[in-house]
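1. quick one, structure for this:
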Amino acid sequence: MTLIRPSRRDILKMSAAAPMLGLSAPALANIGGPAGEQPSHFRFTLGDARLTVVSDGYFNTPISTVGINADPAEVRAFMEDHFLLKDDAVMNQTNHIIIELGDAKVLVDVGSGKRIYEDTAGNLLANMELAGFAQEDITHVVLSHAHPDHVWGTRDDFDEVVFPEAEYVMGGFEFDWWMKPGRVDEVSESMQQLVIGAVHALEPVRPQLTMAADGHEVAPGITMIDTPGHTLGHMSLHIESAGEQLLVLADSSRRAYLNFAHPEWVGSIDMDAEQTVASRRRTLDMAATDKMAVLGYHFPFPGVGHVVKEGAAYRFIPALWRWE
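-> A predicted model of the protein is given here:
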């Protein structure tokens, strides 16, 4: 197939026209952190594993993209009641995790780079450095799915592949769907922009890429699981060490409070609504039943917490700081 390589200016033009992602960035209240500063990283342990959540920044999406199968007034009321809405915008924080377990140092997703949300995101590499990680430290890079805020950061400002020595791992179905020759002509106009961007991001790492299926072991104790719906080949991760477990949800649940209280509500960016809800319920049931911790990519930083089952719904309990 002919590889389309849009320039950085082309990518910015495409993203500006992508209504599903939305790029408005109104200011939100900064309660809870020093004014004018963004968090860089948060470190905790899970058994013998050392885990570091590294922020890539944030971006905003219109409320019209949230809960599209629900009453808009009910969605708005929920978001306002939970202090999650400002000037019709919903903040999406971007929480990457680096898993250090045995000899492996596994990074999940590479963010957007400076290709779309230049003012508010694309901070992964700088914040990794603040957390004490060099690019050459990373042994594996797991790509949960091919949306812009997860894979467009595969290349730096000089178009060089980031983490050039790492093994990249991605669901084979996900990769094949986005990279299918002629896919760009089979989708809607708004999706065309995402397909072109995915090809542009994934083609350079193809030589380093391992195709994964459900149950693929990235490294001992780190396993990929199918969670389709948000994209058709979306995958999450299960981490286990010394009897402790954590689910890296990626985008199977995008909103810590709304998706828990209303797991049946989906967003405009979810490709298959029925599968999205089924995957969400399955992972949240797993976490609640086995008392696994969870990490949400777009949850309020650092995005780590626990799941409580409440009838047909769930409740998110943010992890507390351990002083001992």
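2. quick check: next helix or strand after the lengthiest helix in the chain?
-> Longest helix in the chain, counting residues (DSSP state H): helix 273-290. The first helix or strand that comes after helix 273-290 along the chain, using DSSP states H and E, is strand 293-296.
3. need the contact list for residue 279.
-> Shown in contact with residue 279 (Cβ atoms under 8 Å, 6 or more residues apart in numbering): 226-230, 234, 252. All C-beta atoms are positioned from the backbone trio N, CA, C, and that covers glycine.
4. at 6 Å instead, please
-> Residues near residue 279 by Cβ atoms under 6 Å, 6 or more residues apart in numbering: 227, 229, 252.
5. go on, residue 211?
-> Residue 211 neighbours (Cβ under 6 Å, 6+ apart): residue 172.
6. what about it, distance to residue 225?
-> Residue 211 sits at a distance of 15 Å from residue 225 (criterion: Cβ to Cβ, to the nearest Å).
7. list the beta-bridge partners for residue 240.
-> Under DSSP bridges, the beta-bridge partners of residue 240 are residue 245.
8. helices or strands up against the host helix or strand of residue 125?
-> Assessed by DSSP H and E, residue 125 sits inside helix 124-130. Counting contacts by 3 or more Cβ pairs under 6 Å, 6 or more residues apart in numbering; DSSP states H and E, helix 124-130 packs against strand 49-62.
9. next, the buried residues of the strand it packs on.
-> 49, 51-62 (16 or more other Cβ atoms under 10 Å).
10. can I get the next helix-or-strand element following it in PDB? Just the C-alpha atoms.
-> Moving toward the C-terminus from strand 49-62, the next helix or strand (DSSP H and E) is helix 72-81. Output in PDB follows, covering the C-alpha atoms of helix 72-81 (Å, rounded to 0.1, in the frame of the first residue of the first chain):
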ATOM      1  CA  PRO A  72     -28.200  15.000  27.800                       C
ATOM      2  CA  ALA A  73     -29.800  16.800  30.800                       C
ATOM      3  CA  GLU A  74     -29.000  13.800  33.000                       C
ATOM      4  CA  VAL A  75     -25.500  13.600  31.800                       C
ATOM      5  CA  ARG A  76     -24.900  17.300  32.400                       C
ATOM      6  CA  ALA A  77     -26.400  17.100  35.900                       C
ATOM      7  CA  PHE A  78     -24.100  14.200  36.800                       C
ATOM      8  CA  MET A  79     -21.000  16.000  35.500                       C
ATOM      9  CA  GLU A  80     -21.900  19.200  37.300                       C
ATOM     10  CA  ASP A  81     -22.800  17.400  40.600                       C
END
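11. let's test this: mean pLDDT of helix 72-81, rounded?
-> Mean pLDDT, computed over helix 72-81, is 96.
12. residues in contact with the helix or strand that comes right after that helix?
-> Following helix 72-81 in sequence order, the next helix or strand is strand 89-101 (DSSP H and E). With contacts defined as Cβ under 6 Å, 6+ apart, strand 89-101 is touched by 24, 26, 28, 49-54, 56, 58-61, 63, 66, 106-109, 124, 221-222, 241, 248, 295, 297-298, 301, 303.
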